[in-house]
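>>> I'll drop the sequence and a predicted model, then ask my questions.
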Amino acid sequence: MIRVILTVTYILASIVLGSTVGLFMGWSTGILCGALIFLFLLQLDASLARRRDRKAHKAAIAGLKRSNAAFEKALGETRAKMEEVTKAVEARANAQGRKIVSELQVLESLMREFAGKISSKARHEAVEDIRAERRARDTAPTYLEGLGEPELLETIRASLEENRVDLYLQPIVSLPQRKLRFYEALSRLRAEDGTVIMPAQYMKVAAPAGLMSVVDNLLLFRCVQIVRKLTQKHAGIGVFCNISGDTLRDAEFFPQFLEYMHHNRDLSGQIVFEFSQDAVLKAGKDGEANLSYLHGLGFALSMDHVETLALDFAKLKSMGFRHLKVRAGILTGGMGMAQSAVASEDLKKLLERHGMNLIAERVEEEKTVVQLLDYAVDYAQGYLFGEPRAVRDGVIKTAEKPEKTAPVIPFRRAG
């Protein structure tokens, strides 16, 4: 439309100018001048149009160059981010792979050790050295009452070989709020008929046969699995994992255990390794070095089965002990039986000076809690707050908001 208007304008201008020339110089000359003027205007318009087109093309090309540069920049940033994500994924996969390899190596070593310790020769020697003895306990199931130690050892061996080892958890609560703070992990073995074999029953037989490291390390693997599930939603809840004195002194296995925990040191804030007082006192230089190494990885240590409080607390602190479990009966009974240098009400302050928490265990009555509050006890554990329960299918759930008392957990009862 614009082109038509311009063309008409050029024609009119040519006619007007040609007519003007024709009045003075003749009509033939005027027509020629008008035609020439019309052609000149057309050439001028075409030249201006080409110039406009060139400018438009240059602008378009510049725009395309800017767009291309922006695209290349965005593409480069995307590639860089993809490389970062790829490297992060590869690093995570490699780390996970190393952990899996470490676990497999430990399991392989564990199975080799187990296979050697349950050889026919070892079984024969155990049967010859350990004479038949009835384990008559009021709480013991009838099935176990009928077994002598050789038969019980064979039952324990079969339970380990067939992986009939259950993980039990018992809550540890803070006082006075009674909020869930930790779980203590305990192992139970199951006989072929489902009868639960308690630690007091199997340790006396398994320890002389060299099987406690097998039990402890199956428990350790379960603890690591449970803690990883807990940390997904409840990073503030830790797990006490018991390690026997036999395992601590096992020169063949314990270094592999330390290597395994080195690869899992990201759980140092959630796993507390617990040793009996007897195990710590008999650890020797190598055992104490092992405890210090665990502490160096960031893991806290706990001592239980305390019979005497005549301890070198500064040394315990240097080795990494951060928790001391004392039976509630000792605290409420005047401390005399434990050879304590301080009274019950002063024990918390003594431990606090050495960076240790006091945990009262075997709490079964409310009146005991009232007495413990007078001693400013940090934490408590016992049937009053929850009995040990077997983990159901390796899954544990806790309340989204901690209750004032330990929450009910969907466990299955043993037996």
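In hand now; what should we look at?
>>> got the contact list for the nearest residue to L309 once chain neighbours are set aside?
In space, and not counting its chain neighbours, L309 is closest to S340: 4.0 Å by Cβ to Cβ, 6 or more residues apart in numbering. Yep, even glycine has a C-beta here, placed from its N, CA and C like the rest. Counting by Cβ atoms under 8 Å, 6 or more residues apart in numbering, S340 touches 309-310, 347.
>>> what's the distance between S340 and E352?
Remark: distance between S340 and E352 (Cβ to Cβ, to the nearest Å) = 15 Å.
>>> Measure how buried L350 is and give me the count.
Close neighbours of L350, defined as other Cβ atoms under 10 Å, add up to 18.
>>> how about V363, secondary structure?
coil (DSSP: H, G, I helix; E, B strand; the rest coil).
>>> Need the per-residue pLDDT for the residue lying closest to it once chain neighbours are set aside.
Excluding its sequence neighbours, the residue lying closest to V363 (Cβ to Cβ, 6+ apart) is G382, at 3.3 Å. Looking at G382, its pLDDT reads 93.
>>> Double-check that the residue nearest to L309 belongs to a helix.
No: per three-state DSSP, S340 lies outside any helix segment and is coil.
>>> Can you report phi and psi for the residue nearest to V363?
With angles defined as degrees, to the nearest 10, G382 sits at phi 160, psi 170.
>>> Distance check, it against E365.
For G382, the distance to E365 - Cβ to Cβ - is 9 Å.
>>> of the two, who's got more company?
Counted by other Cβ under 10 Å, G382 and E365 do not tie: G382 has more neighbours, with 21 against 12.
>>> tell me the centre residue of the chain?
Computing the C-alpha centroid of the chain and ranking residues by Cα atoms, centre = their mean puts R228 first, at 3.8 Å.
>>> can I get the CA coordinates of the host helix or strand of that one in PDB?
Per DSSP states H and E: R228 is located in helix 212-231. Coordinates of the C-alpha atoms in helix 212-231 are reproduced here as PDB (Å, rounded to 0.1, in the frame of the first residue of the first chain):
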ATOM      1  CA  MET A 212      31.200 -63.500  69.900                       C
ATOM      2  CA  SER A 213      32.800 -61.500  67.100                       C
ATOM      3  CA  VAL A 214      30.300 -63.100  64.700                       C
ATOM      4  CA  VAL A 215      27.400 -62.100  66.900                       C
ATOM      5  CA  ASP A 216      28.800 -58.600  67.400                       C
ATOM      6  CA  ASN A 217      29.400 -57.900  63.800                       C
ATOM      7  CA  LEU A 218      26.000 -59.100  62.600                       C
ATOM      8  CA  LEU A 219      24.600 -56.700  65.300                       C
ATOM      9  CA  LEU A 220      26.900 -54.000  63.900                       C
ATOM     10  CA  PHE A 221      25.600 -54.400  60.300                       C
ATOM     11  CA  ARG A 222      22.000 -54.200  61.600                       C
ATOM     12  CA  CYS A 223      22.800 -51.100  63.600                       C
ATOM     13  CA  VAL A 224      24.300 -49.300  60.600                       C
ATOM     14  CA  GLN A 225      21.200 -50.200  58.600                       C
ATOM     15  CA  ILE A 226      18.800 -49.000  61.300                       C
ATOM     16  CA  VAL A 227      20.700 -45.700  61.900                       C
ATOM     17  CA  ARG A 228      20.600 -44.900  58.200                       C
ATOM     18  CA  LYS A 229      16.800 -45.400  58.300                       C
ATOM     19  CA  LEU A 230      16.500 -43.200  61.400                       C
ATOM     20  CA  THR A 231      18.600 -40.400  60.100                       C
END
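>>> That's all I had, so thanks and see you.
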